[in-house]
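Student: coords please:
(one chain, ligands or ions: 1)
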Amino acid sequence: MEGVQQMIAGVGYDKVTISMETKVYPVIWHEDRVLLIDQTRLSHEYAIVEIKRYKDMARAIATMIVRGAPAIGIAAAYGMYLGARDIQKSDRDGFLAELKGVAEILGNTRPTAVNLFWAIERMLKTARETSVSVSEIPQVLLAAAQQIQAEDLNTCQAIGDHGLAVLPKTPEQLNILTHCNTGSLATAGYGTALGVIRSCKAAQRLGRVYADETRPRLQGAKLTTWECVQDQIPVTLIADNMAAHCMKLGLIHAAIVGADRIAANGDTANKIGTYNVALVARAHNIPFFVAAPLSTVDFRLQSGEGIPIEERDPKEVYQIGSTAICPPGVEFYNPAFDVTPAELITAIITEHGAVAPGDLKNLMVHQC
Ligand SMILES: CSC[C@H]1O[C@H](OP(=O)(O)O)[C@H](O)[C@@H]1O
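Tutor: Just a heads-up that it's a prediction; the model follows:
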């Protein structure tokens with residue numbers, strides 16, 4: 001990770017204001033460059049950054065300007081195109097060798113979300129297998145990136161529909177707790193867990209969302225609330241340590257979260273604090289769902305033990321804004337994810353349906 005930071009440190013990108021309404025689509029291919037909503041500035045500022053070079057895309061992923069497993073995969077796919085269009089090699093082997101170098105820089109940005117590696121590998125495979133001339137490979141890769149993005153939008157809407165079908169059937173409208181941000185900002189649009197919540201609202205079955213603030217990066221406080229307000233979804237922001245109390249008071253009917261990497265047995269890596277939510281949900285007999293596209297399942301891993309957990313800059317823990325919240329001389333630990341064991345998960349909701357964790361292997365046939 002250090003090497004990547006040095007390699008892409010200082011690589012500039014332009015913050016632009018554009019007329020087109022990008023709404024909450026985090027990654028937009030526009031004219032000859034990629035536009036990203038700068039998610040580090042939401043919700044107090046809606047800023048768009050313009051990405052024209054793959055190293056800028058790598059930096060945007062590493063610094064979480066774009067974040068969320070599916071969105072990271074989509075961003076990396078466009079990054080592969082941006083890298084390909086700058087390759088000067090005219091021979092196929094030379095071109096593909098340089099494209100692997102682009103893949104390595106993009107792949108070294110964040111280790112946990114498997115969508116990043118799934119997208120990069122799909123782009124490399126596309127480049128290896130195309131029969132077009134070398135000079136035409138970049139255009140083939142652009143189309144492949146756009147295909148990944150379009151597929152994810154359809155996938156999220158399917159996840160929403162399948163999730164709605166498995167939510168508890170209660171007489172009253174459902175109050176759903178969620179952790180981190182799993183909405184349009186984390187995907188091609190609509191979202192995974194927040195997509196299920198959107199489908200629940202569309203079916204007039206949603207009471208309100210209880211959004212964990214999600215320390216230390218506060219994706220819940222900054223991003224999920226912003227999306228809910230945009231879509232008039234009733235939302236209550238709670239501190240991460242309030243989930244158990246809310247469940248004990250009977251305020252929560254279900255909990256639903258996203259995923260960054262799911263092992264073949266259903267063990268799930270997701271934003272730090274997700275394991276806490278799963279434990280307290282089980283303690284209160286509240287269903288706990290994971291919503292994720294099949295591209296988030298790593299069938300090569302038999303269990304969650306092998307999932308790499310990203311550790312980020314300790315400043316994210318001890319600073320709020322630029323203010324330190326503790327004295328010098330303190331040690332820090334900042335894992336960005338934790339792993340929830342499959343036995344705590346009621347169902348994993350994918351675009352191919354909702355399955356018990358133990359049945360996830362049955363969906364392997366659908367993974368492309
Ligand atoms: C739709 S999956 C989003 C997933 O990604 C988030 O991580 P990060 O914000 O660090 O990219 C979090 O784990 C979400 O559940």
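Student: Which parts of the chain belong to which domain?
Tutor: 5-153, 162-366 (automatic domain parsing).
Student: what about the helices in the protein?
Tutor: Along the chain, the stretches classed as helices by DSSP state H are 2-8, 54-62, 69-85, 92-107, 114-129, 137-166, 193-202, 219, 225-230, 243-248, 274-283, 315-318.
Student: Which strand runs longest in this structure?
Tutor: Assignment by DSSP state E gives strand 206-212 as the longest strand of the chain.
Student: Paired strands for it, with orientation please.
Tutor: Next to strand 206-212 in the sheet, as set by DSSP bridges, lie strand 174-178 (parallel), strand 235-238 (parallel).
Student: Can you pull the residues of the stretch 151-300 of the chain lying near the ligand?
Tutor: Contact residues (Cβ under 6 Å from any ligand atom) of the stretch 151-300 of the chain with the ligand: 180, 182, 186-187, 192, 219, 257-258, 260, 270-271. (C-beta placed from N, C-alpha, C; glycine too.)
Student: Which of the residues you listed ranks first by neighbour count?
Tutor: If you count neighbours using other Cβ atoms under 10 Å, the busiest of those is Thr182, which has 35 neighbours.
Student: mind checking how far the closest residue to it other than its chain neighbours is from Ala244?
Tutor: With Cβ to Cβ, 6 or more residues apart in numbering as the measure, Gly258 is the residue that lies nearest to Thr182, at 3.4 Å, once sequence neighbours are left out. When Cβ to Cβ, to the nearest Å is the yardstick, Gly258 and Ala244 sit 21 Å from each other.
Student: now Asp152
Tutor: Per Cβ to Cβ, Asp152 is found 33 Å from Ala244.
Student: try Lys100
Tutor: From Lys100 across to Ala244, the span is 47 Å (Cβ to Cβ).
Student: can you list the weak-confidence ranges in the stretch 151-300 of the chain?
Tutor: Regions of the stretch 151-300 of the chain meeting the criterion pLDDT under 70 are absent.
Student: what does the stretch 1-150 of the chain put close to the ligand?
Tutor: 67-70.
Student: With distance to Cys200 and mean neighbour count as new columns, can the strands paired with strand 206-212 be given to me in CSV?
Tutor: As requested, these are exported to CSV (distance: least, Cβ to Cβ, whole Å; neighbours: other Cβ atoms under 10 Å):
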stretch, distance to Cys200, mean neighbour count
strand 174-178, 6, 25
strand 235-238, 13, 17
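Student: could these go into CSV alongside distance to Arg205?
Tutor: What follows is the strands paired with strand 206-212, written out as CSV (distance: least, Cβ to Cβ, whole Å):
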stretch, distance to Arg205
strand 174-178, 6
strand 235-238, 16
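Student: of those, which approaches Arg110 most closely?
Tutor: With respect to Arg110, and counting by Cβ to Cβ, the nearest of the strands paired with strand 206-212 is strand 174-178 at 21.3 Å.
Student: Just want the angle from that closest one to helix 137-166.
Tutor: Using axes from the mean of the first three to the mean of the last three Cα atoms, to 10 degrees, one finds that strand 174-178 and helix 137-166 are set 140 degrees apart in direction.
Student: Check what contacts strand 174-178 and list those residues.
Tutor: Here strand 174-178 makes contact (Cβ atoms under 8 Å, 6 or more residues apart in numbering) with 167-168, 193-194, 197, 200, 205-212, 220, 224, 243, 246-247, 251-257, 277, 281.
Student: is it true that Lys248 touches Asn285?
Tutor: No: here Lys248 does not reach Asn285: they are 11.3 Å apart, not a contact under Cβ atoms under 8 Å.
Student: So for these two, which residue has more residues nearby?
Tutor: Residue environment comparison for Lys248 versus Asn285 gives the larger neighbour count to Lys248, 12 against 7, counting by other Cβ under 10 Å.
Student: Compare the strands paired with strand 206-212 and give me the one nearest Leu142.
Tutor: Using Cβ to Cβ and comparing the strands paired with strand 206-212, the one that lies nearest Leu142 is strand 174-178, at 33.7 Å.
Student: Run the chain-centre distance for that closest one.
Tutor: Put simply, strand 174-178 sits 20 Å off its chain's centre (Cα atoms, centre = their mean, to the nearest Å).
Student: Same question for stretch 150-159.
Tutor: Relative to the mean C-alpha coordinate of its chain, stretch 150-159 is positioned 13 Å out (Cα atoms, centre = their mean).
Student: May I see the buried residues of it?
Tutor: Using 16 or more other Cβ atoms under 10 Å as the test for burial, stretch 150-159 gives 151-153, 155-159.
Student: tell me which of these is nearest to the ligand?
Tutor: Distance ranking of these against the ligand, using Cβ to the nearest ligand atom, places Cys156 first at 8.4 Å.
Student: Just give the nearest non-adjacent residue to the closest one, would you?
Tutor: Take Cys156 and drop its neighbours on the chain: the residue closest to it by Cβ to Cβ, 6+ apart is Tyr190, 4.0 Å away.
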